[in-house]
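Novice: This is the structure alone, sequence omitted:
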């Protein structure tokens, strides 16, 4: 029979034997440099991950900066925007601020890339839509000597290793363009008036009295700095103004065959806008003119509330009044929608029951004064101005193919 004491002694001897074997193996590994080599690999792999994270942050920041610069209206070419990309790549490159960046706008004139890293494949838009405009930015490691290899911190010093470093690269892509479909205030404004009031898309003004204005953030997000005091009047579609007018024709010389003015809208199936006087429309839709009762009950009070706070609203832009054989055309013509624009209403003037009802302009101009007041009342004027807006999106499926009227959707797609 075995004694308990014997078993305990045997167990201690077995553990002593294991410890000796482990010590022997550790000594052999240290002597051969295996552990040192493994440590070197771990350190340098960690360095690669840190480098890649910094380069990716730089690519993300650079692609967004280039996109915003192009949206703002700056020179949007590879040559003009590469400096922006390099600056933001360096700013995100840690303490040494060593990084390089290359860009390609709209897959045109792409450089010979310094890295084989590519962005994820571009999405395929539905028929009638596009990928919009876009920029790809690729960032790479760069050293003081101009090498694109990230040198080893530890592994290269070990005897027997010939590791010179590794190239690290990243890619980022941002797309932007006009919206395809959106929820809008049910107030259609003519393309003719939009061109007149924006200098054919060259003059926009920022909403006054907003947080962005007080903090000076318009330039940061790609919008023009606010300029108060610039508004214009828009007559009701089809109205006639006698004795001259502050409301010039949209074209010179005047062309009465081109639709102008604004019109209250309802859906093509004759259903009214919702309780906020809003419709969901897309480019090429044909909403109809809204009935006066609906406009008076829902839309005019809502518009007046926006006038009081100077809030921008998204409105559809129409280019034609579409003929129809339907007998309803006399009271509900169709408006062909070509795009969407952010509009800041500043006043509304009309005659309701023989009485003047409206809100004077909140801006500093002399638009709503004297004879102009009378003319605007008879023409049921809406006053205001157009601005710009950016709408971030996730996972876009496509962008509009028509003109940009100041509303821009922007999205990271790679």
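Specialist: Thanks, I have it. From a predicted model like this one, the values you see are computed outputs, not experimental measurements.
Novice: Could you list the low-pLDDT ranges of the stretch 301-414 of the chain?
Specialist: Applying pLDDT under 70 to the stretch 301-414 of the chain picks out residues 323-332, 350-379.
Novice: give me that answer again for 90
Specialist: 301, 304-312, 320-333, 344-385, 387-397, 400-404 (pLDDT under 90).
Novice: Please enumerate the helices of the stretch 251-400 of the chain.
Specialist: Assigned by DSSP state H, counting those that start in this stretch, the stretch 251-400 of the chain shows helices spanning 292-294, 300-309, 371-379.
Novice: Just give me the neighbour total for the residue lying closest to residue 404 once chain neighbours are set aside.
Specialist: Counting by Cβ to Cβ, 6 or more residues apart in numbering, residue 404 lies nearest to residue 178, which is 4.7 Å off, once chain neighbours are set aside. Backbone N, C-alpha and C define where each C-beta goes, glycine included. When neighbours are counted by other Cβ atoms under 10 Å, residue 178 registers 22.
Novice: Give me the distance between residue 178 and residue 54.
Specialist: 34 Å (Cβ to Cβ, to the nearest Å).
Novice: What residues are bridge-paired with the residue nearest to residue 194 when sequence neighbours are not counted?
Specialist: Take residue 194 and drop its neighbours on the chain: the residue closest to it by Cβ to Cβ, 6+ apart is residue 317, 5.4 Å away. As for beta bridges, residue 317 partners with residue 189, residue 339 under DSSP bridges.
Novice: isn't residue 317 right up against residue 191?
Specialist: Yes: at 5.4 Å, residue 317 counts as touching residue 191 under the criterion of Cβ atoms under 8 Å.
Novice: what touches both of these two?
Specialist: Shared contacts of residue 317 and residue 191, defined by Cβ atoms under 8 Å, 6 or more residues apart in numbering, are found at residue 338.
Novice: Comparing the two, which residue is more hemmed in?
Specialist: Under the neighbour definition other Cβ under 10 Å, residue 317 and residue 191 were set side by side, and residue 317 has more, 28 against 21.
Novice: in what helix or strand does residue 81 lie?
Specialist: Using DSSP states H and E, residue 81 sits in helix 78-91.
Novice: just checking, what packs against that helix?
Specialist: The helices and strands touching helix 78-91, judged by 3 or more Cβ pairs under 8 Å, 6 or more residues apart in numbering; DSSP states H and E, are helix 34-72, strand 100-105, strand 133-140.
Novice: Comparing the ones you listed by mean pLDDT, which bottoms out?
Specialist: For the helices and strands packed on helix 78-91, mean pLDDT drops lowest on helix 34-72, to a mean of 75.
Novice: what's the host helix or strand of residue 408 in contact with?
Specialist: Using DSSP H and E, residue 408 sits within strand 407-412. For strand 407-412, contacts defined as Cβ under 8 Å, 6+ apart pick out 60, 63-64, 67-68, 71, 132, 172-179, 182, 314, 339-342, 388-396, 399.
Novice: From these, which land in strands?
Specialist: 172-177, 182, 314, 339-342, 389-393 (DSSP state E).
Novice: Separate out the buried members of those.
Specialist: Among the ones in strands among the contacts of strand 407-412, the ones that count as buried by 16 or more other Cβ atoms under 10 Å are 172-177, 182, 314, 339-342, 389-390.
Novice: Could you identify the most distant pair in those residues?
Specialist: Pairwise distances across those peak at 29.5 Å for 172 and 341 (criterion: Cβ to Cβ).
Novice: that older thread, got the buried residues for the helix holding residue 81?
Specialist: For helix 78-91, a neighbour-count test (16+ other Cβ under 10 Å) marks 78, 81, 82, 84, 85, 86, 88, 89, 90 as buried.
Novice: Tell me the one of these nearest residue 258?
Specialist: Closest to residue 258 out of the buried residues of helix 78-91 is residue 81 (37.3 Å), distances taken as Cβ to Cβ.
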